[in-house]
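In: below: sequence and its predicted model.
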Amino acid sequence: MNNNNFRQQDNNQPQVSNGTQQSNGYQPLSFNQTSNSQFQGNAQIPQNNEPIFNAPVTPKKESNKIIERIKTGAIFAAVCLIIGTIHLGINGSQNQTTVDSSAEAKSALSSHQSAVLSEGAVLLNSDSDAEYINGDLTIEHNYEEDKSKVWIWDYAAEDGDRVQVFVDGVALGDDFTIYHTPKEITVPSVSEVKLVGTHDGGGGITYAIRYELNGICYFNGMDLNGDNTYTLQRSSSSDNIIEEQAQ
């Protein structure tokens with residue numbers, strides 16, 4: 001048998017000048033340099049004890065980022081929980097307002113007004129127990145100032161009732177929720193003040209309003225989209241006094 005059959009011809013080996021071929025002893029094939037097309041490409045031969053398929057390993061830096069995100073999410077959740085607890089505590093304290101059960105409070109429920117009770121007086125626990133006037137009022141006064149403070153609040157349950165104030169047909173800001181704590185506004189002492197009910201929390205929209213110009217609280221109410229108008233006017237005697245002072 002011819003031993004030349006077991007030798008591999010290396011085309012890259014130089015030829016000797018006497019026509020005989022230089023010995024081409026066995027050399028390992030290089031996947032990066034071989035001319036054989038079946039071995040070309042990016043194939044890699046695994047090293048000793050190295051698995052052919054390696055499971056993906058999360059880099060240390062990426063792992064740290066994931067941990068930081070988890071910590072940030074936990075902190076955010078804790079902050080939201082604290083804020084929610086505080087909010088519930090505040091609402092709970094608002095709902096625990098003491099209801100006035102004095103003789104004057106009972107009289108105010110009957111007459112729907114009081115010159116003794118101050119702004120913020122709470123007379124009922126529930127709107128369904130209220131029997132409000134649901135009507136318009138004309139208020140004559142001797143107030144000499146051009147403007148007067150007005151306080152508006154919910155004298156029954158804080159259930160989300162909302163109202164909007166109009167002065168001489170012009171909206172005095174957006175509507176707002178009424179609470180036991182009075183909201184203070186300023187209106188002309190001679191004008192028409194209208195309250196419109198924009199949201200009923202249940203049982204009707206119950207509210208009270210107190211005018212600085214006469215010191216009286218009016219306990220009133222209305223249905224959704226209903227309204228009450230308060231016509232503020234000076235008495236004739238008061239007008240004469242003002243005219244005399246101006247002269």
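Out: Received it, and whenever you're ready, just let me know what you need. Source: prediction; values computed, not measured.

In: so Leu213 sits against His141, correct?
Out: Yes. Counting by C-beta atoms under 8 Å, His141 is a contact partner of Leu213 at 4.6 Å. Quick note: C-beta positions are derived from backbone N, CA and C, even for glycine.

In: anything in contact with each of the two?
Out: Contact with both Leu213 and His141 is made by residues Ser189, Leu232, according to C-beta atoms under 8 Å, 6 or more residues apart in numbering.

In: how about stretch 191-201 as PDB, C-alpha atoms only?
Out: Presented in PDB, the C-alpha positions along stretch 191-201 are these (Å, rounded to 0.1, in the frame of the first residue of the first chain):
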ATOM      1  CA  SER A 191     -76.600  91.600  46.000                       C
ATOM      2  CA  GLU A 192     -78.300  88.200  45.100                       C
ATOM      3  CA  VAL A 193     -76.300  85.200  46.300                       C
ATOM      4  CA  LYS A 194     -77.400  81.900  44.800                       C
ATOM      5  CA  LEU A 195     -76.300  78.500  45.800                       C
ATOM      6  CA  VAL A 196     -76.700  75.600  43.300                       C
ATOM      7  CA  GLY A 197     -76.400  72.000  44.300                       C
ATOM      8  CA  THR A 198     -74.000  70.200  41.900                       C
ATOM      9  CA  HIS A 199     -73.600  66.900  43.700                       C
ATOM     10  CA  ASP A 200     -75.800  65.000  46.200                       C
ATOM     11  CA  GLY A 201     -73.900  62.600  48.400                       C
END
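
In: now do that stretch, average pLDDT.
Out: Across stretch 191-201, pLDDT averages out at 97.

In: residues in contact with stretch 110-123?
Out: Contacts to stretch 110-123, defined as C-beta under 8 Å, 6+ apart, come from residues 97-100, 104-105, 107-109, 132-133, 151, 153-156, 180-182, 208, 210, 215-220.

In: just the buried members of those residues?
Out: 97, 100, 105, 108-109, 132, 151, 153-156, 180, 182, 208, 210, 216-220 (16 or more other C-beta atoms under 10 Å).

In: what's the burial count for Ile83?
Out: 10 (other C-beta atoms under 10 Å).

In: ok, which stretches of this structure are helices?
Out: Remark: helices assigned in the chain by DSSP state H are 60-95, 103-111, 236-246.

In: burial of the nearest residue to Phe166 once chain neighbours are set aside, as a residue count?
Out: Counting by C-beta to C-beta, 6 or more residues apart in numbering, Phe166 lies nearest to Lys194, which is 4.3 Å off, once chain neighbours are set aside. For Lys194, the neighbour count with other C-beta under 10 Å is 21.
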